[in-house]
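In: here is a sequence with its predicted model. Questions after.
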Amino acid sequence: MDLSKTFLSWPVLRQFSGNDPLGRGTAARSGQTERITARTETADRVARSVCPYCAVGCGQRVYVKDEKVVQIEGDPDSPISRGRLCPKGAASKNLVTGPMRESKVRYRRPFGTEWEDLDLETAMNMVADRVLKVRDETWQDEDESGNKVRRTMGIAGLGGATLDNEENYLIKKLWTAMGAVQIENQARI
Amino acid sequence: MIGKTSLFGPVNPARDAGYDDPPARKGFFTDTSICIGCKACEVACKEWNEVPDNGFDMLGMSYDNTGSLNANSWRHVAFVEQPARPTAPPVDLGMPTLLHDGVADDGQQTTVAGEDRPDFRWLMSSDVCKHCTHAACLDVCPTGSLFRTEFGTVVVQDDICNGCGYCVPACPYGVIERRERPEAAKNVGIAQKCTLCYDRLGAGMTPACAQACPTQSIQFGDVDELRERAKQRVEALQAGGVTDARLYGADPEDGVGGAGAFFLLLDEPEVYGLPPDPVVTTRDLPHMYQRAVVAAGALLLGAVLSFLERRS
Amino acid sequence: MAEAHPVGFQWVMEAKLRGAKIIHVDPRFTRTSALAHTFVPLRAGTDIAFLGGIINYVLQNELDFREYVVAYTNAASIVSDEYTDPDELDGLFSGFDPETRTYSPESWQYAQQEHEGDTRQDMHEQRETSSAQQFGSHGASVSSALRDDTLQDPNCVYQILKRHFSRYTPEMVEQVCGVSPEAFREVCEAWTQNSGRERTTALCYSVGWTQHSVGAQYIRTAAILQLLLGNIGRTGGGIMALRGHASIQGSTDIPTLFDLLPGYLPMPSASKHPDFQTYVDSIRKPGAKGFWDNSKAYTVNLLKAYWGEKATAENDFCFDYMPKLTGDHGTYRTVLDMIDGKVKGYFLFGQNPAVGSAHGRAQRLGMANLDWLVVRDLVEIESASFWRNSPEIATGEIVPEECRTEVFLFPAASHVEKEGTFTQTQRMLQWREKALDPKGDCRSELWFLYHLGRLLRERLAGSARERDRPLLDLVWDYVPPEHQHEPWGEPSAEKVLMEINGYEIATGRPLSSFTEMKEDGSTLGGCWIYTGVFKDGVNQAARRKPASEQSWVAPEWGWAWPANRRTLYNRASADPDGKPWSERKAYVWWDEAAGEWTGHDVPDFEKTKPPSYRAPDGARGVAALAGDDAFIMNGDGKGALYVPQGLIDGPLPTHYEPVESPFRNALYAQQGNPTRKDYPRPDNPINPSFPDEAEQVAVFPYVFTTSRLTEHHTSGAMSRYLEYLSELQPEMFVEVSPALAQERGLEHMGWCHVITSRSAVEGRVLVTERLIPLRVEGRVVHQVWLPYHWGAGGMVTGDSANDLFGITLDPNVLIQESKVGTCDVRPGRRPTGPALREYIAGYLQRAGLDTGRRTPILTTGTAGSHTDGREADEGAQP
């Protein structure tokens, strides 16, 4: 039996044998306290990211452990934000891991009163079918004056200000190619 | 009476608690003159420490919907709306702020911009556990759950706390509290308060609130250095005409031996909901302790004997 | 700024610590005001009058930075003597046609150029297609005109400006804005004393400024003032738009907007752009100066990026593949078309119009009349659940069992679950690394769009229809080799970014600058202003050199367009000879010995063009820019104090009352913006204003405005669904002054509701002195403030303030007026169920709107017959 590890580490004895006779400091430390570490130290990896809220563009560091986000905090290296975040940026982990996030496709059929489940591939195929159907139904080759317009006015989109540039690029490219001109985002609002 | 185990007066609290060569004492200097009331500190604290929500109630106290420091809010931003120089008795409209009046053209009481209106002030201040040099919560804790860290801060060990609640009334600031809700939260029934991010300090990091604070209203560092910085800041403000600027909790001679977390305020502490002259509630404990020491010795002897007997 | 951009505000606080004076002008006292030295409350919707007053102060006292103004602005340019100011025309500019409510801008041109450029018909189309947004980045495409560098010619821009703003006196500012002459003078003095050689002043605005029927002219007024004071292109100066979404700048540069293509190239118009050459010429305006002269290269490179090897010089690079515009296809037009059954399918990508767009009821009724709706978001936003929890369910206007809209809610990947770039508000791209894979069905937009496009192309494979060629010929290959075996593999954002940057087709060598773009089809690039983000084959947006290890400009953190320039038009930071205006403000300067421009930033000028350079006769494009033409994107190389081309509502800002206002325009007979875009339909009523009867106007006696709270984000989709933000501001509330509380019997923390002709919304009453009644035109006006973050979903729910607004748009950019309106406020909760619509009907009836009658837009004696029998110029001042 290792006395130094068991007997001597007993708090009551530590209190009277050490420098902390009132038992308020060294003598009171629990096993858990001795093992405490910042979870940023034990993370598997850190991703350099950017806050998703406003357009200031504050730097974020995203700490991942066991494929879960365990912390998001300001990136001190950023010349914009110097490691600081506002309450929204500080709540980014809450945004990413919060209980209200959806992780399954939800489907509401016409005249339906409840959400239904739908698998992702089926939903993608249904959307593709509907896009082509509406596109055909509403296709215009020319306007009233005979000018070429080559478009559909039956399909619209809204959104982009919260997305990546690359995603906006694909939206505009796909919309233009399928002849849809009605694409807008928060910049108009 | 100030000595190694003193319960009041200016001491090094970490050394006082048995750390032979502790690092510099750490603390917060909260400069409320540059607080923008964004509450990033409240959120960053909760994210790091996994503190549950405090309920969804609007309080009507300006933009303060947190209300006070409590088990589920380890940072609390107070919002005080006030006219700097009231010009007339307040009109009671059932609201918490002071009013002053003017008279509109229709004879109703009103205030119109540019018409004898004194400067309005909206004070904001982020409150936190003071990490007192003499911490009554720690002194009264019977289980050793509350302890003094090597950084001179006061931390609850939730694996030790049995929820007895002695610490709750002991705190002169009303900071520490047992967590009562939500039911599913961790540490329900356990005393909870700011740890000054003990785990982060151990890793050489800044506490979450201070790291997030956009304007550096919350400054983290060595208490000695922060006290000096605070002194300079208050002098600069006063020299600039902000005569109401004052420090709160920065004086090692005060009732708690100086706070590890102290403040620059722009008005009386009461305006921010802070006690004007807090005193460690265990100030007289040593006298009582001396009288109890003989009895304690006897008990200790018994404890050691019974332990040795059982072990062998 | 402290409210909506707290982390950006750290720099303001730091400036304050270093001695800067902070002035905050806002209808209400906010967290920003609390930290400012001076707070100036003003009536919502009167900013042009306020800033116009400062411009007048500058001009009357000749406090402008004269050397800067003469060298870098168009102050000296001579304008056509056919130009007539609103001073003389009751608030209208010359060239107005009351029938179309548009201008023929010939008389606004520089002298001797009257008959170049746009016509009235163009203006009409420009309003419909928001063309000014494109012009906004192009500037006027006119070449320089006659000049009078002494600024004495009565027809020079400087003198026109001086006359135009002469009625914006301190007394008028007090009358219109409710700002005391003392407060106003303090602002004037602070601003002018802190501008010049040694000092600069920054103007920051949040984009509520754009949400007015005169929004573009708000920004113009700011630009005039900052140009006059020499605060543009210089360190510490500028006009900083504090935009509100992580990549709203990016989604404007690489636009998800109907009227633009990437890099501010216009979407082609059916009538104006029948072919490629016409299209290119309409952008570059042959003969004009500046970098738009290379428009052909930018367009060819975009078309090559879209259609690859199918795009050849012979087929005009597939220009014909693009759909064409025929008018207004903006989001509000689209929503009204949904109500009318013209739009069948709708995609929402991280946007929640049921709460976030003006006239929420119209938004939701539109969604309830679709064939299908696809929502991509992190949570079940109100726009996904409108069929079960919108306010119209309670009123009976939407009945789930009768609503045919099929709804798909796809869960989206969050910002840490995908990689890509955001462009923040100062045009800086920052690459985000992916931290981990998204859970379950959550996918990136990149994945969704790529695979949707793939499925469309697979279904159309083999089609011989001409209409399908653009889809089938599209370059659509973004899945990297390592994922190509997976049928649903994740595309590579870096591959997309490389296409955006552009490369030499034969070698794959990434382009380092848009100047490398070729017109012959040998290079491609999806967005010319972003070329350089992959300079040297390195993802420059991913650079993360710590701020502490580089200069204060921090050029090695991320990448800013264009060409990694951090401050635009920074040639103006040096004097015409290329020397810094002062040592203190040195930023970019001409190094005579080295024969090049140098400094702290990437010079926004041709690197080796000396300050003394003068273009030979007949030069065009970039070569035509003189060595002191600092505003290199403008057709005359000058900063535009006066805008001869490109604005729908006039070459100069003019104060017009908001569309809904309890006041008469004190400056001109014309009440509101005469060219505003309106949608006169029964489902879009507008509250009465002059020249309606006073009793009708008084039905909605108060002014209201909305904005953000620090604790929430826009429609609440990213905040009300989080406990840590919901608890900080858990309930919808309405801020009122103690005086209004007394007038209407409102109790602090009790309920009240706010009513307009569109709807009524309720909230808890917050009585606060931060709301200050103002004295305007001799009477007290109460202003009411509401946050707009609440809806039916999330952890904390409440009514949506945006339900209160109707739809009227700025004519230049088609953005709605949603920062000012008139309302009534009553104690207690609003009626629920069908009673709500009856309640609103009562208001419509009392306001005289129940018959479908609308407030006349033209109120001058000279330009219209809609004056309702009243003295047309009543209230107008000489």
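Out: Yep, it's here. Residues are numbered from 1 along each chain as shown, chains lettered A, B, ... in the order given.

In: got the contact list for C:G91?
Out: C:G91 is in contact with C:T654, C:Y656, C:N665, C:L667, C:Y668, C:A669, C:Q670, C:P674, C:T860, C:A876, counting by Cβ atoms under 8 Å, 6 or more residues apart in numbering or on different chains. Just so you know, the C-beta spots here come from the backbone N, C-alpha and C atoms, and that holds for glycine as well.

In: and C:D87, by the same measure?
Out: C:R163, C:H164, C:S166, C:R167 are the contacts of C:D87 under Cβ under 8 Å, 6+ apart.

In: circling back: where is pLDDT lowest across the contacts of C:G91?
Out: Note: of these, the lowest pLDDT belongs to C:A876, at 36.

In: tell me which helix or strand C:T855 sits in.
Out: When elements are assigned from DSSP states H and E, C:T855 belongs to no helix and no strand.

In: now it: how far from chain B?
Out: 27 Å (Cβ to the nearest Cβ, to the nearest Å).

In: need the pLDDT of that residue.
Out: With respect to pLDDT, C:T855 scores 96.

In: poorly predicted segments of chain C, please.
Out: C:114-118, C:131-145, C:862-878 (pLDDT under 70).

In: inside helices: which ones of the contacts of C:D87?
Out: C:R163, C:H164 (DSSP state H).

In: okay if I get the contacts of C:D87 as a markdown table plus distance to C:Q193?
Out: A markdown table is the format used below for the contacts of C:D87 (distance: Cβ to Cβ, whole Å):
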| residue | distance to C:Q193 |
| --- | --- |
| C:R163 | 25 |
| C:H164 | 24 |
| C:S166 | 22 |
| C:R167 | 25 |
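
In: for the contacts of C:D87, which one is nearest C:V176?
Out: Distance to C:V176 across the contacts of C:D87 (Cβ to Cβ) is lowest for C:R167, with 10.6 Å.

In: make a ChimeraX selection of the buried ones in the contacts of C:G91.
Out: Here the buried members of those are turned into a ChimeraX selection, burial being counted by 16 or more other Cβ atoms under 10 Å in any protein chain shown:
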select /C:654,656,665,667,668,669,670,674,860,876
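
In: from chain A, which residue is nearest to chain B?
Out: A:G25 (2.3 Å; Cβ to the nearest Cβ).

In: residue 137: neighbour count?
Out: Using chain A here. A count of neighbours around A:E137, defined by other Cβ atoms under 10 Å in any protein chain shown, yields 11.

In: wrong one, chain B
Out: Count around B:C137 with other Cβ under 10 Å applied: 27.

In: biggest separation within the contacts of C:G91, which pair?
Out: Most distant of these, by Cβ to Cβ, are C:P674 and C:A876, 14.5 Å apart.

In: hang on, the earlier thing: report how many residues lie close to the residue of chain A closest to chain B.
Out: Neighbour number of A:G25 under other Cβ under 10 Å is 27.

In: relative to chain A, how far out is the closest residue to C:N74 other than its chain neighbours?
Out: Sequence neighbours aside, C:K638 is the residue nearest to C:N74 in space, at 4.2 Å (criterion: Cβ to Cβ, 6 or more residues apart in numbering or on different chains). According to Cβ to the nearest Cβ, C:K638 stands 27 Å off from chain A.

In: out of the contacts of C:D87, who's nearest chain A?
Out: C:H164 (29.4 Å).

In: what ranges do the strands span in the stretch 251-400 of chain C?
Out: Ranges of strands in the stretch 251-400 of chain C, per DSSP state E, counting those that start in this stretch, are C:260-261, C:265-266, C:345-349, C:372-377.

In: nearest to C:T425, of those strands?
Out: Evaluated over the strands of the stretch 251-400 of chain C, closeness to C:T425 peaks at strand C:260-261, with 18.4 Å, by Cβ to Cβ.

In: chain center to that closest one, what's the gap?
Out: Centroid separation for strand C:260-261 versus its chain: 15 Å, with Cα atoms, centre = their mean, to the nearest Å.

In: run through the stretch 1-150 of chain B and note the low-pLDDT ranges.
Out: By pLDDT under 70, the weakly predicted segments of the stretch 1-150 of chain B are B:1-9, B:84-118.

In: list phi and psi for residue 80.
Out: All of this is about chain A. A:I80 adopts backbone torsions of phi -80, psi -50, taken as degrees, to the nearest 10.

In: try chain B instead
Out: phi -120, psi 120.

In: nearest residue to it other than its sequence neighbours?
Out: B:V80 sits nearest to B:L123 (Cβ to Cβ, 6+ apart), 4.1 Å away.

In: quick one: strands adjacent to the helix or strand hosting the one you found?
Out: Element membership for B:L123, per DSSP H and E: strand B:120-128. With DSSP bridges as the test, strand B:120-128 is paired with strand B:75-83 (antiparallel).

In: ok, and what's touching the strand it pairs with?
Out: B:35, B:37, B:39, B:41-42, B:45, B:61-64, B:66-69, B:96-100, B:118-128, B:194, B:209, B:267, B:271-273, C:768-770.

In: now the buried members of the residues you listed.
Out: Buried by 16+ other Cβ under 10 Å: B:35, B:37, B:39, B:41-42, B:45, B:61-64, B:66, B:68-69, B:96-97, B:99-100, B:120-128, B:194, B:209, B:267, B:271-273, C:768-770, out of those.

In: in chain A, which spans are helices?
Out: Using DSSP H, the helices found in chain A span residues A:11-17, A:31-35, A:87-90, A:92-97, A:120-137, A:165-178.

In: a markdown table for the ones you listed, including distance to chain C and mean pLDDT?
Out: Formatted as a markdown table, these follow (distance: least, Cβ to the nearest Cβ, whole Å; pLDDT from 0 to 100):
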| stretch | distance to chain C | mean pLDDT |
| --- | --- | --- |
| helix A:11-17 | 36 | 64 |
| helix A:31-35 | 25 | 93 |
| helix A:87-90 | 6 | 98 |
| helix A:92-97 | 4 | 98 |
| helix A:120-137 | 4 | 98 |
| helix A:165-178 | 4 | 98 |
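
In: got CSV for the ones you listed, with distance to chain B too?
Out: Shown next, in CSV, are the helices of chain A (distance: least, Cβ to the nearest Cβ, whole Å):
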stretch, distance to chain B
helix A:11-17, 6
helix A:31-35, 4
helix A:87-90, 4
helix A:92-97, 5
helix A:120-137, 30
helix A:165-178, 26
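
In: could you say which of these is packed most deeply?
Out: helix A:87-90 (a mean of 31; mean count of other Cβ atoms under 10 Å in any protein chain shown).

In: so how far is it off the chain centroid?
Out: Distance of helix A:87-90 from the chain centroid (Cα atoms, centre = their mean) equals 13 Å.

In: now it - C-alpha only, CSV.
Out: The C-alpha trace of helix A:87-90 is given here as CSV (Å, rounded to 0.1, in the frame of the first residue of the first chain):
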residue,chain,number,x,y,z
PRO,A,87,-23.3,37.5,-27.5
LYS,A,88,-24.4,36.0,-30.8
GLY,A,89,-20.9,35.0,-31.8
ALA,A,90,-20.3,33.7,-28.3
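
In: and that helix, what does it pack onto?
Out: helix B:40-49, helix B:208-212, helix C:723-726 (3 or more Cβ pairs under 8 Å, 6 or more residues apart in numbering or on different chains; DSSP states H and E).

In: would you turn the ones you listed into JSON lines with distance to chain A?
Out: Listed next are the helices and strands packed on helix A:87-90 as JSON lines, based on distance: least, Cβ to the nearest Cβ, whole Å:
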{"stretch": "helix B:40-49", "distance to chain A": "4"}
{"stretch": "helix B:208-212", "distance to chain A": "5"}
{"stretch": "helix C:723-726", "distance to chain A": "5"}
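
In: quick check, nearest of the contacts of C:G91 to chain A?
Out: Of the contacts of C:G91, the one sitting nearest to chain A (Cβ to the nearest Cβ) turns out to be C:Y656, at 21.1 Å.
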